[in-house]
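J.: Give the three-dimensional model of this entry:
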Amino acid sequence: MNRPTAKPVSASRVTISQLMQPQHANSAGSVHGGWIMKLVDEAGALACMRFANRRVVTVAVDQMMFRQPIHVGNLVTLTAEVSYAGRTSMEAEVRVVAENPITGEQTHTNTAYLVYVALDEEGRPAPIPQLIPETEAHRRRIEQAKARQAFRLKQRTQMEAG
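T.: Now for the predicted structure:
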């Protein structure tokens, strides 16, 4: 199967915003990290689906460290873009910002990197477009993503070896 036409990073950009409610809270009163992880995965998957024009499945989540807590009543905004595109897999960068909607104060709480594989109609890995950087920052991010992908593949090989 031929590789689809190349696309710019901006063709993948997705933004999701959600108000954090009491049902999202943990026992400490801040938003449960698992809820944010779910939103991060959804945003990353949507960016990759938009880029590949295919269904995708999550295959890896890199380390996710929360820099600041997110509070009930905050508006959480997740911005996701494809940061690397291989033959059938792609990495999404998801940036999470919590905002106090009354004061407008914004806090970058975390950035996560996730890997997805595009699927064809039979559920097999499918070719995806090449990624076109639009800025120098995109070029640097793609190079960093290539290094992360090489590290992931090395880890997988070591795990499979035993």
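J.: For this protein, which element, helix or strand, carries the lowest mean pLDDT?
T.: Every helix and strand in the chain was compared by mean pLDDT, DSSP states H and E; the lowest is helix 136-161, with a mean of 89.
J.: which other helices and strands contact that helix?
T.: Secondary-structure packing of helix 136-161 (3 or more CB pairs under 8 Å, 6 or more residues apart in numbering; DSSP states H and E): strand 75-85, strand 89-99, strand 106-119. Placement of C-beta: from N, CA and C, glycine included.
J.: how far off strand 106-119 does that helix point, in degrees?
T.: Interaxial angle, helix 136-161 versus strand 106-119 (axes from the mean of the first three to the mean of the last three CA atoms, to 10 degrees): 60 degrees.
J.: Show me what counts as buried in helix 136-161.
T.: For helix 136-161, a neighbour-count test (16 or more other CB atoms under 10 Å) marks 138, 141, 142, 145, 148, 149, 152 as buried.
J.: same check, this time on stretch 121-130
T.: Residues of stretch 121-130 classed as buried: 126, 127, 128, 129 (neighbour count, 16+ other CB under 10 Å).
J.: what's the span of it, first residue to last?
T.: 20 Å (CA to CA, to the nearest Å).
J.: now it, how far from the chain's geometric center?
T.: 18 Å (CA atoms, centre = their mean, to the nearest Å).
J.: Residue 68 - how many residues pack around it?
T.: Around residue 68 there are 12 other residues, counting by other CB atoms under 10 Å.
J.: For residue 105, see how far away residue 75 is.
T.: For residue 75, the distance to residue 105 equals 11 Å [CB to CB, to the nearest Å].
J.: should've said residue 14
T.: 24 Å.
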